[in-house]
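> Quick one, fold the following:
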Amino acid sequence: MHKDLQKLSLAGLLISLGIIYGDIGTSPLYVFKAIVGTQQISDTLVLGGISCIFWTLTLQTTLKYVVITLQADNKGEGGIFSLFSLVRRKAKWLIIPAVIGGCALLADGIITPPITISAAIEGLETQFPHLHTVTIVIIIIAALFFIQQFGTSLVGKAFGPVMFLWFTMMGVLGLIYIFQVPSIIKALNPYYAIVLLTHSDYDAFIILGAVFLCTTGAEALYSDLGHCGRKNIRISWIYVKTCLVLNYLGQGVWLLQRNGQSMNLNLHNPFYEIMPKGFLIYGIGIATIAAVIASQALISGSYTLIAEAVRLNLWLKVKINYPTEQKGQLYVPSINWLLCAGCIGVVLLFKHSDKMESAYGLSITVAMLMTTILVSKFLAKRKFPTYVIGIFLAVYLLIEVTFLSGNLVKFVHGGWFTLSVGALLFAIMWTWHIARKIRNRYVKFINIEDYYNILKELSEDESVPKYASQLVYLTSANFDSEVESKIIYSILQKQPKRADVYWLVHVDVVDEPYRREYEVTFLVPNKVIRIDFKLGFRVEQQINLLFRKVVEDLVKKGEVNITSTYKSLNKHKIVGDFRFVVIEKVLSRSHKLSFYERAIMLVYNYLKRASLSEERGFGLDLSFVTVEKVPLMLTDPEAVDIQRVGG
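The predicted structure follows:
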């Protein structure tokens, strides 16, 4: 986390406004439109709607996320995978809510840009009723995804001031109408929410499904903890919430002035109707920029999620670029274009923001439920009293299951879309995770000490052609006393590989997000050396560069000699060559696997074709890499029943 952002500062507050509040800050564009819909405007509907919005923002966003969840930082970092890394040792099954939550947030990344940008652009329809907004929205989305590859740090500097202008504009516009009818403040009383939800003329679940849209960006407050710092988020939220509530109250006044009417709120969006006519075009412009900023924050969040999933072995290895020097700035080409296609598909499928509202909210409710489960485990880890954890779970499971029920009403109208995307992502993550466990089950580890002498003798046996001066293997053995039997098989049997020094490199992805440490173990001095890298789940795994840096340090300290042993090169102090050997374990016969495991491995093999190879995933220089395919034997030869006949 940026050290200067841990403290409360004006810069930190502005960065928080620009990064975090795009999604939740653009909600007033469509929330009241969704609550009222085509129904007749009434005191009960408007006052109850404002009350529901206010108490949802208070209980869900303020209390759950700003007060409670922000405490669950992992060395200053937030987000569902950071939270999972904090609590995963508490119970193995916690992988399930973590994966479901991650997939739900990624699915949300496909629906948020279309709905926010569409809702902003549709404001133009009040001036130009026959305008074809779908084309404009698609052009903006395509341009937004195109610029990702160049990094967004330059334009990102303007996000904070623009969002400050956006929230201030919303607050002022709301205040103008509140001054006309000050009694609208009474709508903050929870009594009006209860009246609306228990009223026989209104469907409480449909109302709740619409109200939930006001808090969809709450998860971002936690996800971007590392970029902004807890204090900056908490203070900036006070301003953001105030402006949001003022705007909702202002929209409420405008609606009450039309009490008893039934209106097409797609043409008369209360958000734009409370703007003075001369200001409307500027308001639409600011709304469009705010919608783009909201989309940008979600796209960046999706990249971070995927990068963390890759390092936690929950997603196939994909190319990750770092377009700028800024910490946390990354770009994942495959995810970028998948999201782009998904967003354009949403626009073409639903066309209008009021149709998209049906698809919106369902996946994010699921993500919030999963966060609740993980936060309860975090509270247990921090030794909070059981009754406190029980109250937290009871309150938030009740609230979120109620919202989930409200959003499930929208399933047939569009909710199926985000749930289908989330289910597909879950299938990929789960397959990758389980397949790795199946493969690891058949990896045989042996005691490396038994092979010290033979490795030393092979290294000095001049009758065997030298394979490389420095031979490096990547090992998954967690203990320095062990090594995969396949590595020994590769060195001694597959093709005897003589080298001056054998290196074993192990990468351990640790729970602290930005940890970069290594340990060196001299198993046989100057012959067999093991390096253990301990890298945080947000650290790029550039093993090639890290390994070279470690070797340089060892040479400087005189702990290892990498000068070539060839006489002609040795006298000129030429450094010997390095070669990496990557062993790719191939599953051979699988009749010992259950039907479920066979199905998992079948899908895994298809996914592996789309994944980066081990050597590319670890950032190895391909000109110095040998890939050896080794079968994973599932049947011990001794268990095969066969008899010799004759002779």
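> low-confidence ranges in the stretch 251-400 of the chain?
Applying pLDDT under 70 to the stretch 251-400 of the chain flags residues 323-329.
> Try it again at 90.
Along the stretch 251-400 of the chain, segments meeting pLDDT under 90 span 258-269, 272, 277-278, 280-281, 284, 288-334, 350-365, 381-384.
> By mean pLDDT, point me to the weakest helix or strand of this structure.
Counting by mean pLDDT, DSSP states H and E, the chain has its least confident helix or strand at helix 614-617, which shows a mean of 72.
> Which other helices and strands does that one contact?
Where contact means 3 or more C-beta pairs under 8 Å, 6 or more residues apart in numbering; DSSP states H and E, helix 614-617 is packed against strand 578-587, strand 625-632. In this view, the C-beta of every residue, glycine as well, is placed from N, C-alpha and C.
> May I see the buried residues of that helix?
Glu614, Glu615, Gly617 (16 or more other C-beta atoms under 10 Å).
> Contacts only, for the closest residue to Gly422 other than its chain neighbours.
In this structure, Gly422 finds its nearest non-sequential neighbour in Ala107, 3.9 Å apart by C-beta to C-beta, 6 or more residues apart in numbering. Ala107 makes contact with Ser363, Thr418, Leu419, Val421, Gly422, Leu425, according to C-beta atoms under 8 Å, 6 or more residues apart in numbering.
> quick one, phi psi at the nearest residue to the fourth one once chain neighbours are set aside?
When you say that, I think you mean Val421. Spatially, and ignoring its direct neighbours in sequence, Val421 is nearest to Ala107 (4.2 Å; C-beta to C-beta, 6+ apart). Per-residue torsions, Ala107: phi -60, psi -40 (degrees, to the nearest 10).
> And Ala107, how close does it get to Thr288?
24 Å (C-beta to C-beta, to the nearest Å).
> how about stretch 574-588: buried residues?
Buried, per 16+ other C-beta under 10 Å, within stretch 574-588: Gly576, Asp577, Phe578, Arg579, Phe580, Val581, Val582, Ile583, Lys585, Leu587.
> confidence score at the fourth one?
Yep, that's Arg579 we're talking about. Per-residue pLDDT puts Arg579 at 86.
> Tell me which other helices or strands the helix or strand containing Tyr248 touches.
Using DSSP states H and E, the element containing Tyr248 is helix 230-256. In terms of contacts (3+ C-beta pairs under 8 Å, 6+ apart), helix 230-256 is packed against helix 10-19, helix 22-25, helix 31-36, helix 43-56, helix 153-180, helix 270-273.
> 10 Å instead, please
Where contact means 3 or more C-beta pairs under 10 Å, 6 or more residues apart in numbering; DSSP states H and E, helix 230-256 is packed against helix 10-19, helix 22-25, helix 31-36, helix 43-56, helix 153-180, helix 218-223, helix 225-228, helix 270-273.
> Any chance of those helices in TSV with mean neighbour count and distance to Lys410 as columns?
Converted to TSV, the helices and strands packed on helix 230-256 look like this (neighbours: other C-beta atoms under 10 Å; distance: least, C-beta to C-beta, whole Å):
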stretch	mean neighbour count	distance to Lys410
helix 10-19	21	29
helix 22-25	26	18
helix 31-36	26	10
helix 43-56	23	16
helix 153-180	18	26
helix 218-223	26	19
helix 225-228	24	30
helix 270-273	24	21
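> In JSON lines: those, plus distance to Val318.
Below are the helices and strands packed on helix 230-256 laid out as JSON lines (distance: least, C-beta to C-beta, whole Å):
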{"stretch": "helix 10-19", "distance to Val318": "24"}
{"stretch": "helix 22-25", "distance to Val318": "25"}
{"stretch": "helix 31-36", "distance to Val318": "35"}
{"stretch": "helix 43-56", "distance to Val318": "36"}
{"stretch": "helix 153-180", "distance to Val318": "22"}
{"stretch": "helix 218-223", "distance to Val318": "20"}
{"stretch": "helix 225-228", "distance to Val318": "21"}
{"stretch": "helix 270-273", "distance to Val318": "38"}
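> Now do the same contact list for Glu559.
Applying C-beta atoms under 10 Å, 6 or more residues apart in numbering, we find Glu559 in contact with Val520, Phe522, Pro525, Asn526, Ile529, Val551, Asp553.
> Tell me which residues of stretch 223-242 come out buried.
Those would be 223-234, 236-237, 239-241, for stretch 223-242 by 16+ other C-beta under 10 Å.
> before we move on, what about stretch 186-193?
Those would be Ala187, Leu188, Tyr192, Ala193, for stretch 186-193 by 16+ other C-beta under 10 Å.
> any idea of the angle the longest helix seen in the chain forms with helix 153-180?
Taking DSSP state H as the criterion, the chain has its longest helix at helix 280-311. Angle, helix 280-311 to helix 153-180, by axes from the mean of the first three to the mean of the last three C-alpha atoms, to 10 degrees: 130 degrees.
> I'd like the next helix or strand past helix 280-311.
helix 333-350.
> Neighbours of Tyr282, how many?
As a burial measure, Tyr282 scores 12 neighbours (other C-beta atoms under 10 Å).
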